[in-house]
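J.: Structure, please.
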Amino acid sequence: MTRAAWDKLLQCFASDREQAAQLYEHARQRLIRYFEWNSVSPGEDYADETMNRAARRIDEGQQIDKLMSYLFGIARNVLSEARRERARAPLSLDDAQAQVHAETPEPIEPDARQICFDRCLEELTANNRDLLLDYFEGEGGGKIRSRQGIADRLSIPMNALRIRVHRIRKTLEDCIAECLQSNFARND
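T.: Numbers count the residues shown, from 1 in each chain. Here you go, the predicted structure:
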């Protein structure tokens, strides 16, 4: 970065050089946290790259209305580039083994609640089990469209579907509570 580009970047923060330096450092710390939160490190290097790109563009005459928004826009691009670069980079055998160990969860023993849930879910009729699982599948808008599709398939209004699922769920919850109670009584 040239001295002129650096001066123009500081001018965007504030006209007083001391205040501009403080605001610059505050913005840089925010950028570092942004990269660290997105698991890209070293965050300092990526924050500096973001600032350098901003300084170059400002030096080329780019007009900036909201500096922090502009910086984070550049940071998003830098983050995307870093992720693409990381995906292309070959892993060493040690890094690959460490990644596999980090991503492989420890096997856990199912707790009593999970065992009861599985047992009670199996006790539901196949239609009720499928309806319950389909009803709670998906996220956001997809879940809403899925539920409307279920209601259409069953030729019932949405409210009737909600009531039906509520009753199935209540049956399942009662079964789980009874199962847990009987397990608790046996363990005393």
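
J.: contacts, neighbours, all on C-alpha from now
T.: OK.

J.: Find the least confident helix or strand in the chain, judged by mean pLDDT.
T.: The weakest-scoring helix or strand in the chain, judged by mean pLDDT, DSSP states H and E, is helix 93-103 (a mean of 61).

J.: Flag every buried residue along stretch 165-178.
T.: Within stretch 165-178, the residues scored as buried using 16 or more other CA atoms under 10 Å are 165, 168-169, 172-173, 175-177.

J.: what comes into contact with that stretch?
T.: Residues outside stretch 165-178 that contact it (CA atoms under 8 Å, 6 or more residues apart in numbering) are 113, 116-117, 120-121, 124, 128, 131-132, 135.

J.: coming back round to it: which SSE is immediately downstream of the least confident helix or strand of the chain?
T.: Note on helix 93-103: by DSSP states H and E, the next helix or strand toward the C-terminus is helix 112-123.

J.: residues in contact with Asp65?
T.: Asp65 neighbours (CA under 8 Å, 6+ apart): none.

J.: Which secondary structure element is home to it?
T.: Counting by DSSP H and E, Asp65 is found in no helix or strand.

J.: Mind pulling up the pLDDT for the closest residue in space to Ala14 that isn't next to it in sequence?
T.: Once flanking residues are discounted, Ala14 sits nearest to Ala20: 4.6 Å by CA to CA, 6 or more residues apart in numbering. For Ala20, the model assigns a pLDDT of 85.

J.: Next: the one 3 residues further on.
T.: If you check Leu23, the pLDDT there is 89.

J.: That one: what's its closest spatial neighbour, skipping adjacent residues?
T.: Phe13 (6.3 Å).

J.: if we can go back for a sec, in TSV: the buried residues of stretch 165-178, plus distance to Arg86.
T.: Supplementary listing: the buried residues of stretch 165-178 in TSV, determined by distance: CA to CA, whole Å:
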residue	distance to Arg86
Val165	45
Ile168	47
Arg169	45
Leu172	46
Glu173	46
Cys175	49
Ile176	46
Ala177	48
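
J.: Sitting in helices, which of the residues you listed do you find?
T.: 165, 168-169, 172-173, 175-177 (DSSP state H).

J.: Cys12: what's its closest spatial neighbour, skipping adjacent residues?
T.: Cys12's closest residue in space is Leu67 (CA to CA, 6+ apart), at 7.1 Å.

J.: And the one you found, how far from Ala160?
T.: 52 Å (CA to CA, to the nearest Å).

J.: neighbour count winner among these two?
T.: Leu67 (15 against 12; other CA atoms under 10 Å).

J.: Looking at that one now. What's its pLDDT?
T.: 84.

J.: List phi and psi for it.
T.: phi -60, psi -50 (degrees, to the nearest 10).

J.: isn't it right next to Ala14, touching?
T.: No: using CA atoms under 8 Å as the test, Leu67 is too far from Ala14 to be in contact (10.7 Å).
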